[in-house]
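K.L.:
The amino acid sequence is not available; the structure is as follows:
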């Protein structure tokens, strides 16, 4: 009988009591908090905020956070073990499938191609992929590459297809090594009507993994290289991201990582760690907290895109799929990037990743000087994402505003 995940809902099970916590002490470098006038955010603050994240996950998650700051030693905090039943602590810099954070990598290479005039953000899907987006009210001549990158295409998200959802949640063991090509997954979306058509009424936004399958297909056709080569040659290698790679159909992680598990309704453990399901341009990158901090700092530090395309990436439309952050203002979604207001008056750039029992939350300050990544893996049950997202947003706000948890906002 196939093992089931239970439609990605919360699996009821008592969490294993894990109480391992480690942090790297703060260095003496740096002055007082530059945004609050009080003391700066410390390793102890990071540990406190990380404990709140773990508590929001019901104690069922193993967590690690890394804060990189220009010219200063990184702060680290971790809680839990390397997996259910393990006595080893969470790896300091674990590899994990970054899921939808992959979209930022994909957006960067598309924008680089736009900078080189290999393609244009105003090109339609029909221009590059004739006949691919068609049927059931889908019209590739109405959808631009910009629409794909900022999720204003209205195209159905293939992950919501009942058959795909069933394969993921009710037949995981049978499907875990599925390496269906992007073209097949995109075709699933075309069996459904779009949620809306760009240009019909007010601009609307709807998150769709289908968008990034198509964006990568266009980049491949325009450049003559596959998506994996584009990311490796244009992002991973130039930035020296030694622990970042795209495994494709290979289900195994090559470096230190955590076991990802859930328990079914009968208490049996289902190990989700090895799988090939996340292999396309919407979800296929593997990385670590340190490498993600480097990537996002390079992006915000203008090392990956010329000024005009970086401005384009940050031009946003409203989103409605995440909680309102501590600033009280939601922010917007650009081209593979969220722009989120901070309580200290600036903004941060981020893109979350929610996979099969693995959740990544990288974020970088507007000036690129501070970046923080939180990585979480399940042990017995999938998390309440809304609750965890709120605690993560608080940690990010404290870390990037350089303000201890509970300190008053400046301004």
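P.N.:
Cool, the structure landed. Owing to the predicted nature of the structure, the values given are computational and were not obtained by experimental measurement.

K.L.:
make it CA atoms for all contacts and neighbour counts henceforth
P.N.:
Will do.

K.L.:
And the helices in the stretch 201-350 of the chain, which stretches?
P.N.:
Taking DSSP state H, counting those that start in this stretch, the helices of the stretch 201-350 of the chain run over residues 209-223, 227-231, 237-239, 289-300, 307-313.

K.L.:
Could I get the pLDDT score of residue 18?
P.N.:
Residue-level confidence at residue 18 comes out at 28, pLDDT.

K.L.:
where in this structure is pLDDT low?
P.N.:
The model of the chain has pLDDT under 70 over residues 1-38, 406-411.

K.L.:
Now with 90, please.
P.N.:
1-39, 59-60, 71, 168-170, 199-203, 264-267, 404-411 (pLDDT under 90).

K.L.:
on that earlier part again, export the helices of the stretch 201-350 of the chain to TSV and tack on distance to residue 196 and mean neighbour count?
P.N.:
Listed next are the helices of the stretch 201-350 of the chain as TSV, based on distance: least, CA to CA, whole Å; neighbours: other CA atoms under 10 Å:
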stretch	distance to residue 196	mean neighbour count
helix 209-223	14	23
helix 227-231	27	20
helix 237-239	38	13
helix 289-300	31	24
helix 307-313	23	15
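
K.L.:
Looking at those, which is nearest to residue 44?
P.N.:
When the helices of the stretch 201-350 of the chain are compared by CA to CA, helix 289-300 sits nearest residue 44, at 18.6 Å.

K.L.:
Report all helices and strands that that closest one contacts.
P.N.:
In terms of contacts (3 or more CA pairs under 8 Å, 6 or more residues apart in numbering; DSSP states H and E), helix 289-300 is packed against strand 61-69, helix 237-239, strand 347-350, strand 358-365, strand 370-378.

K.L.:
which residues touch it?
P.N.:
65-68, 93-95, 239, 241-244, 304-305, 349-350, 362-375 (CA atoms under 8 Å, 6 or more residues apart in numbering).

K.L.:
Filter the residues you listed down to the buried ones, ChimeraX style.
P.N.:
To isolate the buried ones among the contacts of helix 289-300 in ChimeraX, judged by 16 or more other CA atoms under 10 Å, type:
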select :65,66,67,68,93,94,95,239,241,243,244,304,305,349,350,362,363,364,365,366,367,368,369,370,371,372,373,374,375
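
K.L.:
So the residue lying closest to residue 305 once chain neighbours are set aside: helix, strand or coil?
P.N.:
Leaving aside its chain neighbours, residue 305 sits nearest to residue 112 (6.4 Å; criterion: CA to CA, 6 or more residues apart in numbering). At residue 112 the chain is in helix, as set by DSSP: H, G, I helix; E, B strand; the rest coil.

K.L.:
so how far is residue 264 from residue 112?
P.N.:
Using CA to CA, to the nearest Å, we find residue 112 at a distance of 44 Å from residue 264.

K.L.:
Give the burial count for the residue nearest to residue 305, as a bare number.
P.N.:
By other CA atoms under 10 Å, the residues close to residue 112 number 19.

K.L.:
Over to residue 277?
P.N.:
22.

K.L.:
residues contacting it?
P.N.:
Counted by CA under 8 Å, 6+ apart, residue 277 has contacts 175-179, 249.

K.L.:
For residue 55, see how far away it is.
P.N.:
29 Å.

K.L.:
Dihedrals phi and psi, residue 89?
P.N.:
phi -70, psi 160 (degrees, to the nearest 10).

K.L.:
Residue 200 too?
P.N.:
phi -90, psi 100.

K.L.:
Could you measure from it over to residue 132?
P.N.:
21 Å.

K.L.:
ok, these two, which is more surrounded?
P.N.:
Each of residue 200 and residue 132 has its neighbours counted (other CA under 10 Å); residue 132 has more, 17 against 9.

K.L.:
So which elements touch whatever helix or strand residue 386 lives in?
P.N.:
According to DSSP states H and E, residue 386 maps onto helix 385-400. If contacts are counted by 3+ CA pairs under 8 Å, 6+ apart, helix 385-400 sits against helix 43-56, strand 358-365, strand 370-378.

K.L.:
could you redo the last one with a cut-off of 7 Å?
P.N.:
If contacts are counted by 3 or more CA pairs under 7 Å, 6 or more residues apart in numbering; DSSP states H and E, helix 385-400 sits against helix 43-56.

K.L.:
hmm, back to that, any chance of the helices and strands packed on helix 289-300 in TSV with distance to residue 138 as columns?
P.N.:
Output for the helices and strands packed on helix 289-300, formatted as TSV (distance: least, CA to CA, whole Å):
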stretch	distance to residue 138
strand 61-69	40
helix 237-239	37
strand 347-350	30
strand 358-365	32
strand 370-378	37
